[in-house]
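[1] I would like to see how this sequence folds:
(one chain, ligands or ions: 2)
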Amino acid sequence: MLSHSPDAQHPTLHPLPIVDIMPPGPHQPEDGDRQAELFDTQPPPWELAAESDCEAAAVVFSEAPFGPFHYKIPTELLGLIEPGMRLRVPLGKGNRSVQGWCVGVETSSLPARSLKDVLEPCDESPLCDPRLIKLVLWMSHYYQAPAGQVFDALIPAGVRAGAGTRQQVFLTPSPRALDDEQVDALPSKQKSAVRHLLAAAKPLTAAQLATLAECTEAPIRQLRKKGFLSAETRRVLTATGPLHSVRDRSAVQIPELTEPQAAALSQISTAIESGKQQTLVLHGVTGSGKTEVYIRAIEAVVRMGKQAIVLVPEISLTPQTRHRFQDRFDDVAVLHSQMSAVERHYHWQRIRSGQVQVVVGARSAIFAPLPRLGLIVLDEEHDASFKQDSVPRYHARRVAYVRSQIENIPLILGSATPSLETWHATSTGHATLIQLNQRIAGRPMPHVQLVDLRTPGERSGGGAISRPLQNAVRETLKEDGQVILLLNRRGFATTIQCPSCGHVVACPECDMPLTHHRDGGKAVCHYCDYQIPTPPWCPICKFDGIRYSGLGTQRLEVEVKARFPDAKVARMDSDTMRRPGSHERVLETFRSGELQILLGTQMIAKGLDFPNVLLVGVINADSALHFPDFRAAERTFQLVTQVAGRTGRGNRGGRVIVQTFTPEHPAIQAASQHDYLQFAEKEMLQRRKYAYPPLGSVARIIIRGPVEETTEAFADTIVERLELSRDKLSAEVRILGPAPPPIAKLRGKYRFHILLQAADSTSLGETIRQAVATLKPVAKDDIQFVIDIDPIDML
Ligand SMILES: Nc1ncnc2c1ncn2[C@@H]1O[C@H](COP(=O)(O)OP(=O)(O)OP(=O)(O)O)[C@@H](O)[C@H]1O
Ligand SMILES: [Zn+2]
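    Numbers count the residues shown, from 1 in each chain. Ligands and ions are numbered 1, 2, ... in the order given. Reported below is the predicted structural model:
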């Protein structure tokens, strides 16, 4: 049913007709919530006489009904309401007062009396400029998320709540104060206060005015009573103190660019000077010096009086990354998830005021309200953490692309292992490829040795570490080198099973096997965090001798400590990294050389730059390979290549040992040869064969509910509607399911999913939009459905 031409539209990066993006269409409000719509009503002729021009605000809400609804701006608020502000408006039959976001102000000649009035603005100035509003509307449309909820994702909660601010009363002169005669008649202290306020030519608090006029606040109170002063309440930032640190930059050394770096920079500079949107893909092998290229490009942007956003995966927001930018720019705002609401608000205000040159942050930093944005950089653009897994389920790469179009600026996507979406864009002319094929200082790529775990001789004593890896660790430690060991599974044992009756201890909420954690002897569900004390015997047949199998990082840690008793070992996974700053502390001790072996999950695979790491061991390269996910091979290739890239970054060289049950797998073969091209070409053939992204678009609908039958029945209804809307649109969309996903039960809810595939994202999106437009699960069934456009998570 699906047909593809080789030059099929690129689904992720094809140019979007931004100007054509329409605000979300008017949703049908709930019964009794009917609020007149300006643009879907034709006034009957007898009303035309009564019509007069009126200013109306379009308002969206973060809870149903989502709008947009139109409200009349009453005369006293004319000129005070702008798009991007929050407004208080009456909603529904009972006219309950609710807060919404203003997305537009228009003059209209429709009968004003059919519209309700705006009650009041909640902000003094917009929280969102017109370009960001455009981005919100695009996200709302593309990801099929209510615009009000997109605003909530865009504007940090700390900003919305005014964290670290206080209401303060500001005084301005009223018309009476402008009448010299009346002022002259005032007692001297009051007269002096009025004159000082007039001279200040800006609103002042009573305390400020009292200081200026050298009086107490009593005369000022008198003046207010007599009507010489008008008072207005405003929110002001009261948080002070060192909310961000400034580094001493006197000793910073600026490296001379290598030739390939200089060539890359010159291409990027041309794009920056062009003043146009352009997507540049910086494909540089690990350790090729991509960060230095970003920094130089941003320096050029800053010289032009503009600003930049650098997005990195959350886990890379270590001091090392921060310092690299803070060392080179006067004003960097680093945004990370462990910030308090006050800190976040403080930086947001600084960013919006235009004083910040560079914003470095994870996914949501793409929304930073820089007034003169000149460049966006996504480092490690392939990283899955750029996709948000709650509404709005956006991918920062796609949003960055759209923002760069709205702002008309270049976008740099950097990686040693670009996503196939990005790679494909370079071959269809939607992006320009810039390559750094060599490491800095002519350092060789590390040699990778594959250890075939199927060969009995390679495995030593049933442990996780093969004989070759064991020898290599020993030699490295002897040479005073450091070791990184990757095992992408946390916990001690990943299955707890009774060898007598075969029972596997599973989560009652998710039906997934529990993982045994040694600390505290807990059995934990890695999907919902359900925990019980690990049962000492089989809960079913009471057999005394339950078995722990399957390898996790805790067990690896025990084995490593037993095999190399003289080495200092640290484990890094989400269990040991719960406390703020723990990630940084471990990396600091590793850098200082105090630690010899660092083992952990994928969080040790990214971005680390330690010259003394002479050996990287991958305990089980296949762990991600057999997931029911079309990106499994890509993820395996990326993970192995990235972790292998952590060695050989100094003058002492480095080597990599990869343990695997499938050494012949193309992803593992290509990773072992540092051959991105080989991988990309083979993988692209697979994607083409099945019309998977980037050669087609995918969407996923997840349906969940407490009763299996009703949930499935509801999923069936969605499929029927999808088929109807597909046929009505004559869209070539393939609809698969409903079927239980790999995680068929989660937190006590049954799950079904529907997969949709099409050659282009537009017909796919429209098919879904029409199918669910009026769809609502029966409230008593407690069923929810989630639309995930361009899903990353297929579980
Ligand atoms: N021109 C240069 N001269 C000397 N050293 C450099 C130069 N450019 C970068 N470096 C250093 O080389 C090292 C590797 O650079 P960087 O971390 O930017 O590489 P990368 O391409 O981002 O690697 P990865 O993708 O593996 O994270 C860093 O220690 C950096 O300071
Ligand atoms: Zn669970």
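
[2] Identify the residues contacting the residue in the stretch 151-300 of the chain positioned nearest to ligand 2.
    Residue nearest to ligand 2 within the stretch 151-300 of the chain: Ala153 (26.5 Å; Cβ to the ion). Quick note: C-beta positions are derived from backbone N, CA and C, even for glycine. For Ala153, the contact set (Cβ atoms under 8 Å, 6 or more residues apart in numbering) comprises 364, 367, 388, 391-392, 394.

[3] For the protein, what lies in contact range of ligand 2?
    507, 509-510, 525, 527-528, 530 (Cβ under 5 Å from the ion).

[4] give me the element Val473 is part of.
    helix 467-478 (DSSP states H and E).

[5] I'd like the next helix or strand past that helix.
    strand 482-486.

[6] Within its sheet, name the partner strands of that following strand and how each one runs.
    Using DSSP bridges, strand 482-486 pairs in its sheet with strand 597-600 (parallel), strand 613-618 (parallel).

[7] tell me the most buried of those?
    When the strands paired with strand 482-486 are scored by mean count of other Cβ atoms under 10 Å, the highest mean neighbour count falls to strand 613-618 (a mean of 26).

[8] what's the spacing between it and its chain's center?
    Here strand 613-618 is found 30 Å from its chain centre; the criterion is Cα atoms, centre = their mean, to the nearest Å.

[9] Output it as PDB, nothing but the C-alphas.
    What follows is strand 613-618, C-alpha atoms only, in PDB (Å, rounded to 0.1, in the frame of the first residue of the first chain):
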ATOM      1  CA  VAL A 613      41.400   6.400  29.900                       C
ATOM      2  CA  LEU A 614      43.500   3.800  28.100                       C
ATOM      3  CA  LEU A 615      40.800   1.100  28.000                       C
ATOM      4  CA  VAL A 616      37.100   0.900  27.400                       C
ATOM      5  CA  GLY A 617      35.300  -2.400  27.900                       C
ATOM      6  CA  VAL A 618      31.700  -3.000  26.700                       C
END
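
[10] and it with ligand 1, contact?
    No. Strand 613-618 lies out of reach of ligand 1 by Cβ under 6 Å from any ligand atom, never closer than 11.6 Å.

[11] contact partners of that strand?
    446, 465, 469, 472-473, 476, 479, 481-486, 640, 643-644, 646-647, 649-650, 652-660.

[12] Please apply the same query to stretch 473-485.
    The contact list for stretch 473-485 (Cβ under 8 Å, 6+ apart) reads 465, 556, 560, 563-564, 566-567, 590, 593, 595-600, 604, 608, 610, 612-619, 643, 646-647, 652.

[13] Now do Arg195 against Gln222, distance only.
    Distance of Arg195 to Gln222, computed by Cβ to Cβ, to the nearest Å: 15 Å.

[14] Let me fix that, I meant to ask about Ile484.
    In this view, Ile484 and Gln222 are 73 Å apart by Cβ to Cβ.

[15] what mean pLDDT does the longest strand belonging to the chain have?
    For the chain, the strand with the greatest residue count under DSSP state E is strand 96-108. Over the span of strand 96-108, the pLDDT mean works out to 92.

[16] could you point out which element follows that strand?
    With DSSP H and E, the next secondary element past strand 96-108 is strand 116-117.

[17] Check the contact between Ala147 and Lys134; I expect there is one.
    No. Judged on Cβ atoms under 8 Å, Ala147 makes no contact with Lys134 at a distance of 11.4 Å.

[18] Same drill for these two, tell me which one is more crowded.
    Neighbour totals were compared for Ala147 and Lys134, and Ala147 leads with 27 against 21 (other Cβ atoms under 10 Å).

[19] Can you get me the centre-to-centre distance for stretch 649-661 and its chain?
    31 Å.

[20] meant to ask about stretch 365-383, not that
    Taking mean C-alpha positions (Cα atoms, centre = their mean), stretch 365-383 and its chain are 11 Å apart.

[21] Show me which positions of that stretch end up buried.
    365-370, 373-383 (16 or more other Cβ atoms under 10 Å).

[22] Is the closest residue to Lys306 other than its chain neighbours in a helix, a strand, or coil?
    In space, and not counting its chain neighbours, Lys306 is closest to Gly374: 2.9 Å by Cβ to Cβ, 6 or more residues apart in numbering. Classification of Gly374 using DSSP: H, G, I helix; E, B strand; the rest coil returns strand.

[23] Turn the buried ones among the contacts of strand 613-618 into a named PyMOL selection, would you?
    Buried subset of the contacts of strand 613-618, written as a PyMOL selection, criterion 16+ other Cβ under 10 Å:
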select buried, resi 446+465+469+472+473+476+481+482+483+484+485+486+640+643+644+646+647+649+650+654+655+656+657+658+659+660
